[in-house]
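1. Based on what follows, work out the 3D shape:
(4 chains)
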There are 2 protein chains.
Amino acid sequence: MGTKRKRNRDSVPDMRSIARLSGVAPMTVSRALSNPDLVAPDTRARIMKVIDDVGFVPDQRASSLRGTRTIIGTVVPPLINSGIAEQVQGMSDACLERDMQLLLVQGDFSAEAEEQAIRTLVGWRPAGLILQAFVQSEEARMLLRSRKVPVVEISEIRGHEAIDLTVGVSNFDTAYAMTSRLIDIGYKRIGFVSTPTHGNDRLQQRRIGYRAALTDRGVHSQGAERWEIEMPITTRGGSEAVSILRNRDPSIDAVFFSSDTLAIGAIQECHRRGWKIPDDLAIAGYGDTELAASLYPSLTTVRVPRYQMGRKAVEHLTRRIAGERNLSPCITINFDIVEREST
Amino acid sequence: MGTKRKRNRDSVPDMRSIARLSGVAPMTVSRALSNPDLVAPDTRARIMKVIDDVGFVPDQRASSLRGTRTIIGTVVPPLINSGIAEQVQGMSDACLERDMQLLLVQGDFSAEAEEQAIRTLVGWRPAGLILQAFVQSEEARMLLRSRKVPVVEISEIRGHEAIDLTVGVSNFDTAYAMTSRLIDIGYKRIGFVSTPTHGNDRLQQRRIGYRAALTDRGVHSQGAERWEIEMPITTRGGSEAVSILRNRDPSIDAVFFSSDTLAIGAIQECHRRGWKIPDDLAIAGYGDTELAASLYPSLTTVRVPRYQMGRKAVEHLTRRIAGERNLSPCITINFDIVEREST
DNA sequence: CTGTTAGCGCTTTCAG
DNA sequence: CTGAAAGCGCTAACAG
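-> Predicted structure coming up:
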């Protein structure tokens, strides 16, 4: 046949084909979708029917190329075991409400992977980014700054020059509070187990908070560094940590773990060895995972409202995107010390 | 000034600006990036330097609009507690190796949310999709079929008409195997706790497998439906389930949970009530989460290689995308029964 | 090895 | 309320 344009049979419907089928111009279809009020009700109805019949789904790539950006990008760490899942849920829900799309890409905690992930995200020209920690790679920071991409870092609020906006708890305060609480209850020889702190300012702040509490309350004794240890973020890591610490110093009477996962592993190990919790050894965690409350014994832990943090991050980011002035660059989230049976 | 085009000061660098700065045509920049071999080494080096200096990141939207598609989309359920995290990791790693991008959107298990999530994904015109279960919504199935989007469903392999490709274990077989194993060890009154099976064929198949094993080995007694219960997928759900079942029938000697999360909760409850595991009650789980092995007592469970499933899904999908012929539509993944202390 | 032309599918802008 | 023209930033296809 002599047609110039290929027939649309069997091919994916686009806006032009919808327009043709509804007897309007493509622009009217576009409006029917994004500004329904600007289209006459019956025209609109006709268009919508066609869209429904042929199963048209607008091409977001083209749409965002010319129009407004709708992606909020975020880098997620390997998802295993992380309370970050709740945070993502909060971001996801908040995005849905705003007709934004949450684009997740996976990165691990190495600076390279992080930079790679950020480049990938930037390639999609997101309206904004939410990052789970302060960006380590200086290149990535510059990239984001120079492009003026709105960014929320969900992270530690102390001692850092943020790229843009920040939402977070004071990790120092949480660790200080928990450690102080343990001391107030009567524990004096308190171990501290962290997942690897290298390059992670949040974990570093927790350790500093722990130390500060020991010092301030006068229970910091010589050789207390030996009460500190770093372990991988697995329950096995927690099991091993408690064995190692108790082996180093049998007089340790409590251990504060910088993650519930570690604490849970430690509790299992105590069962195994017949150590009574909290009489022989008190255990405290960080994160308040779902399991913490139903564990036996139930786990005393630091509760950070992850879901809310995710939501707040999106809310704050969309304000920035909307160009709102006088946005406070840094939002602090409160936390709770949840006291249960393990202490 | 009299320039027609706005100066590029302060604006995001694009390919044209890179071309201008390197003294070549935009097309050459494009090639330097995607087919370096077709560009003279020194030209290439010059271009790359400029790219690096100005921090150019190509626009994926434009690129994929005209060129090849690089997105593999997937719908993730609320991530909490799910072994799906490992699966995502497998997919993510496999995507990286192929220069594909994994686009995650969040959906829950309702048919509506699922359909919405799929539409969102389709809007980005992905090269293919990986879905975590059989798609429930008939509309969504038709949408995918009619567009001929390559799809891998990671799901139950029995009794379903797949949209396209399938990767999965036989949930029937896993449940049948675990239940049989419990019977062989000597348990005769075996409870079964599932998370809500409504609309989830995988969970339904597990239940059917459990029942079949009871029947085949002749331990299915009258009123055995009372050994079955559905609970939300939380540790608390597991705690409650074990109490309820034991209350209904104190002679139950083992409980098979369709998720480790439930089983973990149950074990805590047994500690609390002073029931010895496995002497008073045996516990079996499903999933082999990291915690299962370090739990006290360690948990007998079904191990499904989630990470591998994720990888396989991407591998298979990219073959389909590449147009490979004679692709087997359905890949079966093996599983293990991991016996530990809890049985 | 490099450049030119055309156009992906949509929306902005401006004109009815 | 509706439409026509122009172009987002890139790459396939075809010349040189």
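2. Please enumerate residues in contact with stretch A:84-91?
-> A:72, A:74, A:76-77, A:79, A:102, A:104, A:130, A:132, A:154, A:306-314, B:78-81, B:85, B:106 (C-beta atoms under 8 Å, 6 or more residues apart in numbering or on different chains). Quick note: C-beta positions are derived from backbone N, CA and C, even for glycine.
3. do stretch A:121-129 as well
-> Counting by C-beta under 8 Å, 6+ apart, A:64, A:68-75, A:100, A:103, A:105, A:118, A:143-144, A:147, A:149-152, A:317-318, A:320-321, B:57-61 sit against stretch A:121-129.
4. Which ones among those residues also lie next to DNA strand C?
-> A:Thr68 (C-beta under 7 Å from any atom of the strand).
5. in the stretch 201-343 of chain A, which spans are strands?
-> Secondary structure of the stretch 201-343 of chain A by DSSP state E, counting those that start in this stretch: the strands cover A:228-230, A:254-257, A:282-286, A:300-303, A:330-332, A:336-338.
6. helices or strands up against the fourth one?
-> Packed against strand A:300-303, as judged by 3 or more C-beta pairs under 8 Å, 6 or more residues apart in numbering or on different chains; DSSP states H and E, are the following elements: helix A:171-185, strand A:282-286, strand A:336-338.
7. okay if I get these as TSV plus distance to chain B and mean pLDDT?
-> Output for the helices and strands packed on strand A:300-303, formatted as TSV (distance: least, C-beta to the nearest C-beta, whole Å; pLDDT from 0 to 100):
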stretch	distance to chain B	mean pLDDT
helix A:171-185	21	96
strand A:282-286	13	97
strand A:336-338	15	96
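8. before we move on, the earlier item: could you say which one of the strands of the stretch 201-343 of chain A comes nearest to B:Pro26?
-> Across those, B:Pro26 has its closest neighbour in strand A:330-332 (41.2 Å, C-beta to C-beta).
9. helices or strands up against that closest one?
-> strand A:165-168.
10. Restrict the strand it packs on to CA atoms and write it as PDB.
-> The C-alpha trace of strand A:165-168 is given here as PDB (Å, rounded to 0.1, in the frame of the first residue of the first chain):
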ATOM      1  CA  LEU A 165      18.500  19.400  52.800                       C
ATOM      2  CA  THR A 166      18.700  17.000  55.700                       C
ATOM      3  CA  VAL A 167      16.300  14.800  57.700                       C
ATOM      4  CA  GLY A 168      17.600  12.800  60.500                       C
END
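11. Give me the sheet partners of it and which way each runs.
-> Paired strands of strand A:165-168, with direction, are strand A:151-154 (parallel), strand A:330-332 (parallel) (DSSP bridges).
12. The shortest one: which residues count as buried?
-> The neighbour-count criterion (16 or more other C-beta atoms under 10 Å in any protein chain shown) identifies A:Ile331 as the buried residues of strand A:330-332.
13. average pLDDT across that strand?
-> For strand A:330-332, mean pLDDT is 90.
14. contacting residues around that strand?
-> For strand A:330-332, contacts defined as C-beta under 8 Å, 6+ apart pick out A:Ile157, A:Ala162, A:Leu165, A:Thr166, A:Val167, A:Gly168, A:Val169, A:Ser170, A:Lys312, A:His316.
15. mind listing the helices for chain A?
-> In chain A, the helices defined using DSSP state H lie at A:15-22, A:26-34, A:41-54, A:60-66, A:84-97, A:111-123, A:138-147, A:171-185, A:201-216, A:235-248, A:260-273, A:290-294, A:306-321.
16. Let me know which of these is tucked in deepest.
-> With neighbours taken as mean count of other C-beta atoms under 10 Å in any protein chain shown, the helices of chain A reach their highest mean count in helix A:260-273, at a mean of 25.
17. Out of the contacts of strand A:330-332, which two are the most distant from each other?
-> Most distant of these, by C-beta to C-beta, are A:Ser170 and A:His316, 17.3 Å apart.
18. Name the residues of chain A found near DNA strand C, please.
-> Close to DNA strand C, as judged by C-beta under 7 Å from any atom of the strand, chain A has residues A:12, A:14-16, A:26-27, A:30, A:33-34, A:58-59, A:62-63, A:65-68.
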